[in-house]
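# Take this sequence and fold it.
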Amino acid sequence: MDQPRFRTSGQLLGSTLLPVALCLACTGSVGSPNARRQPSTNGTPTDGSNVAAGNGTGTGGSVGVPGTGGAGNMGTGATPATGGQAPFVIPAGAPGPTALRRLTNDEYRTTVQELLGLAAPPADPLQPESRQLGYNNFASVLTVPAVLGSQYATMAARLANEADISKLAPCAAPAAESECAYSFIDAFGKQVHRQPLTAKEQQSYRGLYDLTRTTDTYETGIRHVLEVMLQSPALLYRMEYGSGAAERTLSPYEVASELSYLFTGTKPDAELMQAADTNALSTPAQIEAQARRLLALPRAQTSVGKFLEQWFLVSDLSQVVKDQTLFPSFATAQKAAMAASTTRFVASVVGEGDGTVKSLLSSPFAFVNSSLAPVYGVADPGQGDTLVKVDVSGVSRAGMVTLPAVLAVQGKQNESDPVKRGKFVLTRLLCLSLPPPPANVKIDPPAPDPNLTTRERFAAHAANPCASCHTLLDPVGFGLESYDAIGAYRTVENGRPIDASGELKGTDVDGPFNGGLELATRLSTSALARQCAATNAARFVYGRPEIETDTQLAATLETQLGASGMDVRELLVATTKSPSFTTRTFVP
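Modelled structure (predicted):
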C-alpha cells in the first residue's frame, strides 16, 4: 500500500503550531516578557504569543583563587551521598538570560525513541552541532539552519509513517474515533511539549486531525498529527518562558525539563511530570530530591560522562587527524580505543569510585588494550581489544590530563604542542584568563628541526613579542613533553633526551614540577582547579558561558565541597539548588 503523503506543519494556516521554518536559527533569549506560556490557576498552561529570537550567551569572567572556608560533608564510594548538604549561601546577583535551548542531536534522538517506544534511537542524519567553549548544549550555537530543518522534517515523516498506531493511539470502535484521536493528542502532546497543551495548541492539533479525517482514515490522521508533533518547536526547544517581569521564575514543567535533560539526556519521566503536575518542584529541597533520584539512574552516568568529556575536550577526538606515516595505527584502531578508554576511566572514577575532581586528576590507573599498550608505554595486557585496568604511574601518568585522548587533542598532526597543552591546562582546568597577543603580531611556530627536541625549538618564544604570555604557557606545556602527538609515552625525541621539567605560575599551586604525573598531582590539590570545575559545571548546566553570578557560585561551591575533593555528582546537584537554575533575567 502506498505510504500516505503528509503536509508539513507550515501548511497549517492560522495554526499556533509554529512550523520549523519559523524557528530557523532561533536561539538565545526569549522576547517580550508577555510572550510566554503561563500556568493557569488550575495547573494547565494558558496560551502564549510568539517567541522572538535573540542572543542569550551571557558574558564570561575570569576566575580568581577561591576563598577558604569549611566544607560540607560528602558521601564517598560508588554512589553520591544520599543526605542533603547544608544550605548554600548563594551570593546575590542576577541570574542568566532567558534562552531558547534546542535539544542536542543525542537529546532529540533519545527523546523520540522514548516517545515512540523504539528499540534504539533513530539514526537518521542530523547536522552536527557547533560547540562553544567545548560544549554542544549552548543555546547560542544550537540553531536550526535550513539543512537541519529539512532533516527534522524527513525524519518526522519517516517515523510517522512507520509508527505502530495500534499501540500509540488504539481505537476500538469507529464511532469513537474522534474521541480516541483527541485523547491521543492530549496525552501524547503533553509528552511532546513536556507540559499540558494550551487550548490553542489542543485546538490546532485537533483541527489538523479533523481536516485529514474528512478525506482519509483515522490512522492517516494520527500519523499526520504525529509528523507535525515530531518537528514542533515545543519538542525541539527547551522553552524558558517562566513568569514575571525583569526576573522570571521557570514553571514546574520547565524545571522538570531542566532536570531531566541534565541528568538523563531525555524528556521527563512519569515521576518528574507528576511532580510538575502537583507543583512539587518549587523549592530547592524538592529539586534536590528529584536531582538525586535521577542521578541514581543508570543513564545518568552517560550524562555526567558527557559533561566531563566536553570539559576536558575529549569530545573533539573524533575530529583529530594525525600524520599517517608517523602514526599509522592512530586512525584505524588507537583513536577509537582512546575514546573507549577515556569513557571507561570516567565511569570508573564517577560510577564506581568517589567521583571527585581530585580523583579525576590524579588516579594512577588507566584502561589499556593491546593497541594502547605501546601508547601508554606499558606491557600488553594480552587480552586483545578488551580494556584492562593498569597501573600507569610508572610511566609518568595520572588522571585525565595524561590520558592519550586528551593529549592527542592538544597536539599537532605530527608533533606535540607545548603551547596548546599549556593553554589547555591554564584556561580549561584552572580557568585563568591569558593576556591577548600584541596587535598585528605575526605568530610563526618554530620550524621542524630533526636535530632538536620540540622544547629546544620552542625556547625561541622567550625572546618574541608574545613572551609575556609564553612565559606562562610554555613551562606548563614543556612538563608534558614526555608524550608525543598522539599522547604516546617517550623518553627521547630526535635522538635527544626529553626534558619534561615544567613550572606553574600565577596559580594557587605555583612551582616547578617534572612530568605529567607531578603536574597531575599538583593540579589535584588546587582550589583553583576545583573552582574551575564548578565554573564548567555551570556552563554545562545552564548552557551558556559563565556570568558573574556563576563565578560567585563557583567560589561558594569550592568552599563547601572542596575539602573532600569535590564530588562532581554533588557539584551538579548543588548547581541545581542555585537560584540560577529556576530563574532567568529578561534581556530586551
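# For this protein, just list every one of the strands.
With DSSP state E as the definition, the chain shows strands at residue ranges 101-102, 237-238, 243-244, 247-249, 365-368, 388-391, 492-493, 496-497, 501-504, 511-514, 583-585.
# Buried deepest among those strands, which one?
strand 101-102 (a mean of 25; mean count of other CB atoms under 10 Å). Any C-beta I mention is one placed from the backbone N, CA and C, and that applies to glycine too.
# Just checking: what are the partner strands of it?
strand 237-238 (antiparallel) (DSSP bridges).
# which residues are in contact with the strand it pairs with?
With CB atoms under 8 Å, 6 or more residues apart in numbering as the contact definition, strand 237-238 has outside contacts at 23, 26, 100-103, 194, 254, 257-258, 261.
# Would you point out the helix or strand in this protein whose mean pLDDT is lowest?
Scoring the helices and strands of the chain by mean pLDDT, DSSP states H and E places helix 454-458 at the bottom, with a mean of 79.
# Tell me which two in the contacts of strand 237-238 are the farthest apart.
23 and 258 (20.0 Å; CB to CB).
# List the contacts of the closest residue to residue 263 other than its chain neighbours.
The shortest distance from residue 263 to any non-neighbouring residue, by CB to CB, 6 or more residues apart in numbering, is to residue 294 (3.8 Å). Residue 294 sits next to 259-260, 262-264, 272, 300 when contact means CB under 8 Å, 6+ apart.
# and these, which of them are in helices?
259-260, 262-263, 272, 300 (DSSP state H).
# Between the residues you listed, identify the one with the most neighbours.
The most crowded member of the ones in helices among the contacts of residue 294, judged by other CB atoms under 10 Å, is residue 263 (27 neighbours).
# That one contacts residue 298, doesn't it?
No. Counting by CB atoms under 8 Å, residue 298 is not a contact partner of residue 263; they are 11.3 Å apart.
# about what we covered before: and the contacts of residue 294, which is closest to residue 341?
residue 300 (21.3 Å).
# quick one: the closest one and residue 266 touch, right?
No. Residue 300 lies out of contact with residue 266 (CB under 8 Å); the separation is 11.0 Å.
# Which parts of the stretch 301-450 of the chain are helices?
Remark: helices assigned in the stretch 301-450 of the chain by DSSP state H, counting those that start in this stretch are 335-346, 357-362, 373-376, 404-409, 418-423.
# In CSV, list the ones you listed along with mean pLDDT.
Below are those laid out as CSV (pLDDT from 0 to 100):
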stretch, mean pLDDT
helix 335-346, 98
helix 357-362, 98
helix 373-376, 97
helix 404-409, 98
helix 418-423, 96
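# pLDDT weak spots in the stretch 101-250 of the chain?
174-175 (pLDDT under 70).
# and if we set it to 50?
Counting by pLDDT under 50, the stretch 101-250 of the chain shows no low-confidence range.
# returning to that earlier point: relative to residue 242, which of the helices of the stretch 301-450 of the chain is closest?
Across those, closest to residue 242 is helix 357-362 (CB to CB), at 32.0 Å.
# that older thread, for the least confident helix or strand of the chain, what is the distance to the chain centroid?
36 Å (CA atoms, centre = their mean, to the nearest Å).
# Outside of it itself, list whatever touches it.
Counting by CB under 8 Å, 6+ apart, 415-416, 418-419, 446-449, 474, 478, 481, 493, 496, 498-499 sit against helix 454-458.
# let's go with 6 Å and repeat that
415-416, 418, 446, 449, 478, 481, 499 (CB atoms under 6 Å, 6 or more residues apart in numbering).
# Export those as a markdown table, with columns for distance to residue 188 and neighbour count.
Formatted as a markdown table, the contacts of helix 454-458 follow (distance: CB to CB, whole Å; neighbours: other CB atoms under 10 Å):
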| residue | distance to residue 188 | neighbour count |
| --- | --- | --- |
| 415 | 55 | 17 |
| 416 | 54 | 28 |
| 418 | 55 | 26 |
| 446 | 61 | 13 |
| 449 | 66 | 11 |
| 478 | 59 | 24 |
| 481 | 58 | 23 |
| 499 | 64 | 15 |
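# can you list those in a markdown table and add distance to residue 368?
Listed next are those as a markdown table, based on distance: CB to CB, whole Å:
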| residue | distance to residue 368 |
| --- | --- |
| 415 | 24 |
| 416 | 21 |
| 418 | 25 |
| 446 | 33 |
| 449 | 33 |
| 478 | 26 |
| 481 | 22 |
| 499 | 26 |
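# Just the C-alpha atoms of stretch 117-137, please, in PDB.
Output in PDB follows, covering the C-alpha atoms of stretch 117-137 (Å, rounded to 0.1, in the frame of the first residue of the first chain):
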ATOM      1  CA  GLY A 117       8.800   3.200  22.200                       C
ATOM      2  CA  LEU A 118      11.600   2.400  19.700                       C
ATOM      3  CA  ALA A 119      14.200  -0.200  20.400                       C
ATOM      4  CA  ALA A 120      17.000   2.200  19.600                       C
ATOM      5  CA  PRO A 121      17.300   6.000  18.900                       C
ATOM      6  CA  PRO A 122      16.600   6.800  15.200                       C
ATOM      7  CA  ALA A 123      19.900   7.000  13.200                       C
ATOM      8  CA  ASP A 124      18.600   9.500  10.600                       C
ATOM      9  CA  PRO A 125      21.300  12.000   9.700                       C
ATOM     10  CA  LEU A 126      21.300  15.300  11.600                       C
ATOM     11  CA  GLN A 127      23.700  18.100  11.000                       C
ATOM     12  CA  PRO A 128      26.400  18.100  13.700                       C
ATOM     13  CA  GLU A 129      26.200  20.600  16.500                       C
ATOM     14  CA  SER A 130      28.600  23.500  16.700                       C
ATOM     15  CA  ARG A 131      30.400  24.000  20.000                       C
ATOM     16  CA  GLN A 132      31.100  26.900  22.300                       C
ATOM     17  CA  LEU A 133      33.800  26.700  25.000                       C
ATOM     18  CA  GLY A 134      33.800  22.900  24.100                       C
ATOM     19  CA  TYR A 135      30.100  22.300  24.900                       C
ATOM     20  CA  ASN A 136      27.500  21.300  22.400                       C
ATOM     21  CA  ASN A 137      24.500  22.300  24.500                       C
END
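# Renumber starting at 11 from here on
With the count now opening at 11, the last piece we talked about shows up as stretch 127-147.
# List the buried residues for that stretch?
128, 131-132, 136-137, 139, 142-147 (16 or more other CB atoms under 10 Å).
# For it, what is the distance to the chain centroid?
With CA atoms, centre = their mean, you get 11 Å for stretch 127-147.
# What are the contacting residues of it?
Residues contacting stretch 127-147 (CB under 6 Å, 6+ apart): 114-115, 119-120, 122-123, 148, 151, 157-158, 161, 165, 320, 323, 549-550, 553.
# Any quick PyMOL command for the buried ones out of those?
PyMOL command restricting the contacts of stretch 127-147 to the buried ones, with burial defined by 16+ other CB under 10 Å:
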select buried, resi 114+115+119+120+122+123+148+151+158+161+165+320+323+549+550+553
